[in-house]
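Peer 1: Structure of the sequence below:
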Amino acid sequence: MHSFIKKPLVLGAGLCLSLSSLFGASELETIMKERNLSEKDILAAAKTYQPSGRKDEYIVFSSGGQSGQVIVYGVPSMRIYKYIGVFTPEPWQGYGYDNESKAVLKGGAIRGKDITWGDTHHPNFTEKNGEYVGDYLFINDKANPRTAVINLHDFETTQIVVNPIMKSEHGGSFVTPNTEYVIEASQYAAPLDNNYHPIEEYESVYRGAITFWKFDYPKGKIDEKASFSLELPPYMQDLSDAGKGESMGWAFTNSFNSEMYTGGIEKGLPPFEAGMSRNDTDYMHMYNWQILEKLAKDPKNYKVINNHRVIPISVAVANNALFLVPEPKSPHGVDVSPDGRYIIVGGKLDTHASVYDFRKMKALIDKKEFAGKDPFGIPILDMQKSLHGQVELGLGPLHNSFDAKDGVVYTSLYVDSQIVKWDYKKLKTLDRVNVHYNIGHLDTMEGKSAKPVGKYALALDKLSIDRFNPVGPLHPQNHQLIDITGAKMELIYDMPIPLGEPHDVISIAASKLKPAMTYKMGTNSRTGEQSVGMTLAGQERIERDGKNVTVYATLVRSHINPEHIEVNKDDNVTIYLTNLERAQDETHGFAIDLYNVHASIEPGKTASVNFKADMEGVFPYYCTEFCSALHLEMMGYLYVKDPKKKY
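Peer 2: Residues are numbered from 1 along each chain as shown. Prediction:
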């Protein structure tokens, strides 16, 4: 039945092996029969299996959706390595529990209100010449317009910035080719100020915007004071991409609701989705950030809203920095080709992908040849004169990712539940593969950089339905791995994602990541600098200043020093914890029972916790990370006594 096992099988590394010599023909046949496996299944397993100790070739960073986190996994193994706490507390790593990470989360407070959840959507790496650099990762929060910076030297979130003028966003975090700026585009139009405005003022007051977050590369931080925004019409902006190569200096953001419809289903009016999709076309925004950058330096060119510089539409138009290009209705994806010449747009309600030619668009701008202006005075380019062409791909084309092969791109089809491979230069389809089901974003290895690798594709499927064991009404999403090296695409792995609704992923060669294995002794991991609470062996102590008690503690296999801490009820207690280990992976945790206190302290790191000792009694504290044979003995006692009582 399975005659292939007696023939050589060529595996991914080019090594010719005989399965019969490895396993024995009868043993392999038995396994295949018992598990109902086909020859294709065995080949897929061989392509993804990583023997113990074998490392993955690519590392993938996925948004964690409503978890507010980032998920890290490997390709081709599809093994999940880590969750990175970003907008949401994450207990294992002590994120949101120690003082240092609390300070990062505090940076994401909005108008004095702490926000402890987020909806992460679009991760992006730092770039140089349009190529991915594994130094920092950016991720946006759709629910609360914020952008975070993750330091890939230790995979920790080090900064959260709040957009000062947007009330919602979706089009972040997109990076200019040398990481000059991180681009964030608003989603649902709203007043840019923080005042009340009735919906009747929609066209006059409600606005969209693009924010250009200036990134200080040496510091690894967004410089909020050097950042600025561009005012846009209330067209519900969506995703963005920065130009590169010949389109360097430009960026592109699509939109929906050129109708500027404002809903009213409760009043008997058509619902939003009907009113927002009446027009045959919406608008792609085309803007020159290099011109805008110069305009933002002169006060006559901007207005200040919530202490933030905003360039008005009229100023951008007067300086040839903002244009509109019609695109198919309700578009979602906009992706610039590796050489920067072509911009590919997929419309959710169209069967075509539209390929725009930047050269044609720039020529129309240079000749001032416009099809008209929108109600806000923005010049509109003629759609047909801007197009390289259109290709009918199927129902619901959304997002695109590129191959190393010239002209080859992969597009997700949401309605058809497929990925289609096609040539955007020759305008012809090449192949398609079914996915399960309703794919949103997709990625090929480094597929949106100036030098895409291809090799594998990842399908981010919204529905999994019958793919996995049932776990209740809330199903996991399905990330599927597809081999794209051959003439035909082959689906080779299904991976359930049990954390939020991941929206987008970005991949990088593992060789480009150089994370530290330990910290320099006494490091505050959120700042990268030496902690004020660094404590070396022999420096452990307890200091009291009135009702403020400061403990300088160390952790090393297998004890916490000091082992006894005595305070008075209602004292304000701060404990600095330094991990003295120099061996990698010897992390220690710290928890005080009943006090909701936890920290994760990796080798060399200093973290601190603060709490009010408002409960009388005796409270054990211990190391939460199983670190040695005497892990259970790595503990101590916190004594909280009431100074008003006699014992």
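Peer 1: Now stretch 478-489: buried residues?
Peer 2: Asn478, His479, Gln480, Leu481, Ile482, Asp483, Ile484, Met489 (16 or more other CB atoms under 10 Å). In this view, the C-beta of every residue, glycine as well, is placed from N, C-alpha and C.
Peer 1: could I get those as a markdown table with secondary structure and pLDDT?
Peer 2: Formatted as a markdown table, those follow (DSSP: H, G, I helix; E, B strand; the rest coil; pLDDT from 0 to 100):
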| residue | secondary structure | pLDDT |
| --- | --- | --- |
| Asn478 | strand | 97 |
| His479 | strand | 98 |
| Gln480 | strand | 98 |
| Leu481 | strand | 98 |
| Ile482 | strand | 98 |
| Asp483 | strand | 98 |
| Ile484 | coil | 98 |
| Met489 | coil | 98 |
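Peer 1: At which residues are the helices of the stretch 1-150 of the chain located?
Peer 2: Secondary structure of the stretch 1-150 of the chain, counting by DSSP state H, counting those that start in this stretch: helices at 19-23, 25-35, 39-48, 99-106.
Peer 1: Likewise for the stretch 201-350 of the chain?
Peer 2: For the stretch 201-350 of the chain, the helices defined by DSSP H, counting those that start in this stretch cover 202-205, 272-275, 289-295, 313-318.
Peer 1: Ser77: which of these is closest?
Peer 2: Ser77 lies closest, by CB to CB, to one member of the helices of the stretch 201-350 of the chain: helix 289-295, at 38.4 Å.
Peer 1: who's in contact with the residue lying closest to Leu269 once chain neighbours are set aside?
Peer 2: Nearest residue to Leu269 in three dimensions, chain neighbours excluded: Gly263, at 6.8 Å (CB to CB, 6 or more residues apart in numbering). Gly263 sits next to Leu269, Pro271, Phe272, Gly275 when contact means CB atoms under 8 Å, 6 or more residues apart in numbering.
Peer 1: how about those, which pair is most distant?
Peer 2: Pairwise distances across the contacts of Gly263 peak at 9.5 Å for Leu269 and Phe272 (criterion: CB to CB).
Peer 1: which residues of the stretch 1-150 of the chain fall in strands?
Peer 2: Secondary structure of the stretch 1-150 of the chain, counting by DSSP state E, counting those that start in this stretch: strands at 8-10, 16-18, 58-63, 69-75, 80-85, 124-128, 131-141, 146-151.
Peer 1: and those as TSV, adding mean pLDDT, mean neighbour count and distance to Glu39?
Peer 2: Converted to TSV, the strands of the stretch 1-150 of the chain look like this (pLDDT from 0 to 100; neighbours: other CB atoms under 10 Å; distance: least, CB to CB, whole Å):
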stretch	mean pLDDT	mean neighbour count	distance to Glu39
strand 8-10	42	14	9
strand 16-18	45	11	14
strand 58-63	98	26	26
strand 69-75	98	23	23
strand 80-85	97	19	28
strand 124-128	98	20	38
strand 131-141	97	24	36
strand 146-151	98	25	42
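Peer 1: Output those strands in a markdown table; the columns should cover distance to Met517.
Peer 2: Putting these into a markdown table (distance: least, CB to CB, whole Å) gives the following:
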| stretch | distance to Met517 |
| --- | --- |
| strand 8-10 | 37 |
| strand 16-18 | 34 |
| strand 58-63 | 16 |
| strand 69-75 | 16 |
| strand 80-85 | 14 |
| strand 124-128 | 21 |
| strand 131-141 | 15 |
| strand 146-151 | 15 |
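Peer 1: For Leu413, find the nearest of those strands.
Peer 2: Of the strands of the stretch 1-150 of the chain, nearest to Leu413 by CB to CB is strand 58-63, at 20.5 Å.
Peer 1: which strands and helices sit next to the closest one?
Peer 2: Contact here means 3 or more CB pairs under 8 Å, 6 or more residues apart in numbering; DSSP states H and E; on that basis strand 58-63 packs against strand 69-75, strand 454-461, strand 505-509.
Peer 1: Extract the C-alpha trace of it and format it as CSV.
Peer 2: What follows is strand 58-63, C-alpha atoms only, in CSV (Å, rounded to 0.1, in the frame of the first residue of the first chain):
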residue,chain,number,x,y,z
TYR,A,58,12.9,32.0,11.2
ILE,A,59,11.3,33.7,14.2
VAL,A,60,7.7,35.0,13.9
PHE,A,61,6.2,37.8,16.0
SER,A,62,2.4,37.7,16.0
SER,A,63,0.0,40.2,17.4
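Peer 1: What residue spans form the domains of this protein?
Peer 2: With domains defined by automatic domain parsing, the chain comprises 3-48, 58-512, 523-641.
Peer 1: Which of these has the lowest mean pLDDT?
Peer 2: Mean pLDDT is lowest for domain 3-48 out of these, coming in at a mean of 70.
Peer 1: who wins for proximity to Ala607 among the helices and strands packed on strand 58-63?
Peer 2: Among those, strand 69-75 comes nearest to Ala607, with 19.2 Å by CB to CB.
Peer 1: And that closest one, what does it pack against?
Peer 2: Against strand 69-75 (3+ CB pairs under 8 Å, 6+ apart) you get strand 58-63, strand 80-85.
Peer 1: and of those, who's closest to Ser314?
Peer 2: Closest to Ser314 of the helices and strands packed on strand 69-75 is strand 58-63 (CB to CB; 35.6 Å).
Peer 1: outside of that closest one, which residues touch it?
Peer 2: So strand 58-63 is in contact with 70-76, 81, 120-123, 125, 137, 139, 443, 445, 456, 458, 460, 479, 497, 500, 502-510, 513, going by CB under 8 Å, 6+ apart.
Peer 1: ok, the spatially closest residue to Lys360 that is not a sequence neighbour to Ile380 distance?
Peer 2: Counting by CB to CB, 6+ apart, Lys360 lies nearest to Ser386, which is 5.5 Å off, once chain neighbours are set aside. For Ser386, the distance to Ile380 equals 10 Å [CB to CB, to the nearest Å].
Peer 1: and if you look at Ile59?
Peer 2: Taking CB to CB as the measure, Ile59 falls 42 Å from Ile380.
Peer 1: Kindly report the same for Asp339.
Peer 2: Asp339 sits 26 Å away from Ile380, going by CB to CB.
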